[in-house]
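Visitor: the amino acid sequence is not available; the structure is as follows:
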């Protein structure tokens, strides 16, 4: 419980800094979502067992090493920590180029979630990422804190971000609606597409 509370505090501090950096008068506008007693935040542990090294003449491919498939996190913010085994990769563009993230067990990694992307009309982008299993015999271990709002919280852009030049990208929805869509679709699907205006 102490670790969860520490992660909640860290996530809240980061979100308050984001609010301050965006010149939002009430800088706690993001953090109060995960500080709410009804917050749907969760802590998860992942273990990615190593896979056998493919031989030089093997027809095995990188897809055989997928430990956790391509996706974006639906929550507001993810705080990730892992052991010293690599495997995390991010895709920054739609070009399909995957960039490995060097492991560092002394650091925390922050991943923007879809909910924060909606709240800021894309000022912060939820990066697509995946995890590949290691081939050198060591397993990857990671622990993630997913900072999420209450199920009945409405996810909609902050009014100060909406303008005729920057209209809403998605219709308002509750976190419960989005969570249901996220877990009833395929992992790699862009679930935000389900909430575009007119759909």
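Guide: Everything's here; your move. Predicted model only: the values in this text are computed from it and were never measured.

Visitor: what separation is there between the residue nearest the centre of the chain and residue 101?
Guide: Averaging the C-alpha coordinates of the chain gives a centre point, and the residue nearest to it by C-alpha atoms, centre = their mean is residue 73 (3.0 Å). Shown here: residue 73 relative to residue 101, a distance of 14 Å by C-beta to C-beta, to the nearest Å. (Each C-beta comes from the backbone N, C-alpha and C, glycine too.)

Visitor: before we move on, the earlier item: who touches the residue lying closest to the residue nearest to the centre of the chain once chain neighbours are set aside in this structure?
Guide: Ranked by C-beta to C-beta, 6 or more residues apart in numbering and with sequence neighbours excluded, the top spatial neighbour of residue 73 is residue 113, at 4.3 Å. By C-beta atoms under 8 Å, 6 or more residues apart in numbering, residue 113 lies in contact with 72, 73, 74, 75, 76, 77, 78, 126, 146, 147, 148.

Visitor: the fifth one and residue 178, how far apart?
Guide: This means residue 76. Here residue 76 is placed at a distance of 11 Å from residue 178 (C-beta to C-beta).

Visitor: got it, and the first one?
Guide: When distance is defined by C-beta to C-beta, residue 72 is 12 Å away from residue 178.

Visitor: need the overlap of contacts for those two.
Guide: Counting by C-beta under 8 Å, 6+ apart, the residues touching both residue 72 and residue 178 are residue 114.

Visitor: hmm, who's touching the helix or strand bottoming out on mean pLDDT in the chain?
Guide: The helix or strand with the lowest mean pLDDT-type score in the chain, counting by mean pLDDT, DSSP states H and E, is strand 66-71 (a mean of 83). Outside strand 66-71, the residues that touch it by C-beta under 8 Å, 6+ apart are 46, 48, 87, 91, 128-133, 140, 187-188.

Visitor: from the chain's centre, how far out does that strand sit?
Guide: In terms of C-alpha atoms, centre = their mean, to the nearest Å, the centre of strand 66-71 is found 13 Å from the chain centre.

Visitor: how about the helix ranked longest in the chain: buried residues?
Guide: Ordering each helix of the chain by length in residues (DSSP state H) puts helix 2-21 first. Across helix 2-21, burial judged by 16 or more other C-beta atoms under 10 Å covers 7, 8, 10, 11, 12, 14, 15, 16, 18, 19.

Visitor: does residue 107 really touch residue 79, like I thought?
Guide: No: with contact defined as C-beta atoms under 8 Å, residue 107 does not count as touching residue 79 (10.7 Å).

Visitor: look at these two and report which has more neighbours.
Guide: For residue 107 versus residue 79, neighbours defined as other C-beta atoms under 10 Å are more numerous around residue 79 (20 against 10).
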